[in-house]
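Q: Mind folding the following:
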Amino acid sequence: METVTTIAAARDRLDRARADGATVGLVPTMGYLHEGHASLIERAAAEHPFVAVTVFVNPLQFGPTEDLDAYPRDLAADQQLIERCGGTLVIAPSVEEMYPRPILTTVTVAEVSARLEGASRPTHFAGVATVVAKLFNLAGPCHAYFGEKDWQQVAVIRRMAQDLNFPVTVVACPIVREPDGLARSSRNVYLTEPERAAAPVLHRALEAGIAAIERGERDPAAIHRLMADLVGAEPHAALDYAEVVDAATLTPVDPLAGELRLLVAARFGRARLIDNVGVEVASGS
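A: Residues are numbered from 1 along each chain as shown. Below is the predicted model of the structure:
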């Protein structure tokens with residue numbers, strides 16, 4: 001496994017891999033990797049002989065009240081996990097390498113990014129879309145692997161790749177969970193013991209919403225109330241949102257039909273956690 005720190009070196013290595021006949025799997029990350037990331041790398045390695053993992057804490061996606069400097073980092077541990085999971089190349093550029101001067105060009109994916117996380121963190125998805133566009137431009141033809149935990153991010157990136165004709169196939173991979181249902185996240189390290197015990201309420205709320213839909217509930221307001229009440233009853237949780245939307249566009253659906261995504265977000269002390277699940281409802285059912 002190799003590690004490179006410049007865009008030129010990364011592009012050269014990926015081009016040489018394709019020239020040698022290899023297909024490329026790309027796993028963009030912000031580092032501090034856990035088993036959720038490991039599942040993405042292992043999936044990419046199972047499907048491609050050459051797997052590049054980017055490790056870059058992107059300042060553009062942090063809002064003014066979010067502490068960029070406090071975001072956890074451990075490149076040495078990340079490299080060990082990437083190698084264990086079958087990674088071929090680690091791309092770990094500095095901020096100066098990615099943004100050598102103040103950036104004037106940004107990427108915005110309208111509508112898909114406007115609600116939910118976009119409403120709570122107004123500059124977030126422009127930062128995500130911009131850095132991922134730079135990484136896709138760097139990587140060239142590949143399959144790019146993202147976790148479904150950040151479902152709105154997947155939807156934004158997928159639409160961006162389609163709209164801008166990147167030669168990239170976006171692959172969404174299932175959420176990796178703890179035994180009690182909590183989605184694996186780098187932000188879980190911020191949880192105190194009582195907050196950690198409370199955090200699985202997000203997954204329980206989503207499961208309750210799914211169960212209600214499967215019993216025949218088609219009113220999105222009823223699903224919202226059910227999930228919001230469950231999270232609101234947890235003293236350690238401060239609910240941000242609980243919604244059911246179209247899975248691709250993230251827009252409301254009433255009555256509920258088609259490919260849907262239930263999403264929740266809440267703050268537990270220092271940690272703001274998100275989670276989601278999908279369900280399909282046949283029209284007229």
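Q: And the helices in the stretch 51-200 of the chain?
A: Taking DSSP state H, counting those that start in this stretch as the criterion, the stretch 51-200 of the chain contains helices spanning 75-84, 95-98, 117-120, 124-139, 151-163, 193-198.
Q: So for A257, which of the ones you listed sits nearest?
A: Proximity to A257 (C-beta to C-beta) singles out helix 151-163 among the helices of the stretch 51-200 of the chain, at 18.1 Å. For the C-beta atoms, the positions are set from N, CA and C on the backbone; glycine is no exception.
Q: Other residues contacting that closest one?
A: For helix 151-163, the surrounding residues in contact (C-beta atoms under 8 Å, 6 or more residues apart in numbering) are 107, 109, 112-113, 116-118, 125, 128-129, 132-133, 136, 144, 146-148, 166, 168-170, 172, 247-250, 261, 263, 276, 278.
Q: Of these, grab the buried ones for PyMOL.
A: Here is the PyMOL selection string for the buried members of the contacts of helix 151-163, based on 16 or more other C-beta atoms under 10 Å:
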select buried, resi 107+109+112+113+116+117+118+125+128+129+132+133+136+144+146+147+148+166+168+170+172+247+250+261+263+276+278
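Q: coming back round to it: export the helices of the stretch 51-200 of the chain to CSV and append columns for mean pLDDT and distance to F56.
A: Converted to CSV, the helices of the stretch 51-200 of the chain look like this (pLDDT from 0 to 100; distance: least, C-beta to C-beta, whole Å):
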stretch, mean pLDDT, distance to F56
helix 75-84, 98, 10
helix 95-98, 98, 6
helix 117-120, 92, 20
helix 124-139, 97, 7
helix 151-163, 97, 15
helix 193-198, 98, 28
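Q: Please render the ones you listed as a markdown table that adds distance to A282 to the earlier fields.
A: Listed next are the helices of the stretch 51-200 of the chain as a markdown table, based on distance: least, C-beta to C-beta, whole Å:
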| stretch | distance to A282 |
| --- | --- |
| helix 75-84 | 41 |
| helix 95-98 | 45 |
| helix 117-120 | 28 |
| helix 124-139 | 31 |
| helix 151-163 | 21 |
| helix 193-198 | 35 |
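Q: Which helix or which strand is home to G25?
A: strand 24-29 (DSSP states H and E).
Q: Could I get the pLDDT score of G87?
A: The per-residue pLDDT reported for G87 equals 98.
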